[in-house]
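[1] turn this into a structure:
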Amino acid sequence: MRARRRVGVLAIGAPASFAAWWLVPRLGRFAMRAPEVEVRLATVDDDPDLERLGLDAAIVLRDARQTARDDEIWLLSERVMPVCSPGFAQDRRLKTPADLSACRLIECEGSAPQPPEFGWGHWLSRLGIPEPTARWSRFGDASLAITAAIDGLGVALGRSPMIDAELAAGRLIKPFPDRISATPRQVYALKWRRPPSQSMAAFRDFLLDEACGCELAAGPCGLPRSDQDTQTTATLGGDRMALRALSSRA
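    Have a look, this model is predicted:
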């Protein structure tokens, strides 16, 4: 059997936590779908300069209230909620949010500005719970904070869909199911160099399929915000072929 010709190499940038918890677990499916494309993944912060860094595309965070550019598509929003290991919840007998005052709280302190919903101060104030004075563990990366929660260190603020696999596997639980959560006003978007190559188009279509199958698809998923008022758009479970046709114009 003849080997398939390699179409190209894609250099993709993504925030570390997004890459570790959402993108990397899906790269195997992309390899099966497009085995001729080699993906080289680098972690990036903020809004990287694609040309300067030699990237073909990057996952970036965008304010959902702003207008997207024509060379990007929206993929996912996030939902933030307290999470911990099943053992921690059982040992501490977590029943109500008020029980958080006696728990070790795990927080991510990244270098880039983050929405208030990503910090415990916002949550404790909102719930009327006094801050614990000596029960904090702080990490500079969200992946480290979630790993600490899985290992039973305390309660972290998990970000769905990044933690969905851990919830499904039972390594994390929501101690207060659906009682407290928040959706920050930001979305993950894919931006790329123009014009997109054949390999880039294949990767973009793959991410679009993955995002549109997610509960937190940034509706209308897959479209630059400038198209939202003028096109019939699809959200969860919608017409992905139509979305591909629209996104391929950029």
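[2] pull the CA atoms of stretch 70-85 into CSV?
    Presented in CSV, the C-alpha positions along stretch 70-85 are these (Å, rounded to 0.1, in the frame of the first residue of the first chain):
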residue,chain,number,x,y,z
ASP,A,70,-12.5,38.1,9.1
ASP,A,71,-9.4,35.9,9.6
GLU,A,72,-10.8,34.0,12.6
ILE,A,73,-13.7,31.9,13.7
TRP,A,74,-15.2,31.5,17.2
LEU,A,75,-15.0,28.0,18.7
LEU,A,76,-15.9,27.7,22.4
SER,A,77,-17.1,29.7,25.4
GLU,A,78,-16.3,28.5,28.9
ARG,A,79,-18.3,27.8,32.1
VAL,A,80,-16.5,28.2,35.4
MET,A,81,-17.5,26.2,38.5
PRO,A,82,-15.9,24.8,41.7
VAL,A,83,-14.5,21.3,41.3
CYS,A,84,-12.6,18.9,43.5
SER,A,85,-11.8,15.2,43.8
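[3] quick one: buried residues of that stretch?
    Buried positions in stretch 70-85, judged by neighbour count with 16 or more other C-beta atoms under 10 Å: 71-85. All C-beta atoms are positioned from the backbone trio N, CA, C, and that covers glycine.
[4] now, which of these lie within strands?
    Among these, the residues falling in strands (DSSP state E) are E72, I73, W74, L75, L76, S77, R79, V80, M81, P82, V83.
[5] any idea which of the residues you listed is closest to R193?
    R193 lies nearest to E72 out of those, by C-beta to C-beta, at 11.1 Å.
[6] isn't that closest one up against A189?
    Yes: counting by C-beta atoms under 8 Å, A189 is a contact partner of E72 at 4.8 Å.
[7] can you list the weak-confidence ranges in the protein?
    1-7, 67-68, 110-113, 133-134, 178-180, 184, 213-250 (pLDDT under 70).
[8] against which helices or strands is the lengthiest helix in it packed?
    Scanning the chain for the longest helix, with DSSP state H as the assignment, gives helix 198-212. Secondary-structure packing of helix 198-212 (3 or more C-beta pairs under 8 Å, 6 or more residues apart in numbering; DSSP states H and E): strand 8-14, helix 24-33, strand 37-43, strand 57-63, strand 72-77, strand 186-192, helix 240-247.
[9] go through these and pick out the most buried.
    Mean neighbours per residue, mean count of other C-beta atoms under 10 Å, is largest over those for strand 72-77, with a mean of 24.
[10] sorry, back to before: tell me which of the buried residues of stretch 70-85 is nearest to R194?
    Nearest member of those to R194, counting by C-beta to C-beta, is D71, at 5.2 Å.
[11] ok, that closest one to A58 distance?
    Here D71 is placed at a distance of 11 Å from A58 (C-beta to C-beta, to the nearest Å).
[12] quick one, domains of this protein?
    8-78+185-247, 79-169 (automatic domain parsing).
[13] now the ones you listed as JSON lines including distance to F176?
    Listed next are these as JSON lines, based on distance: least, C-beta to C-beta, whole Å:
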{"stretch": "domain 8-78+185-247", "distance to F176": "18"}
{"stretch": "domain 79-169", "distance to F176": "6"}
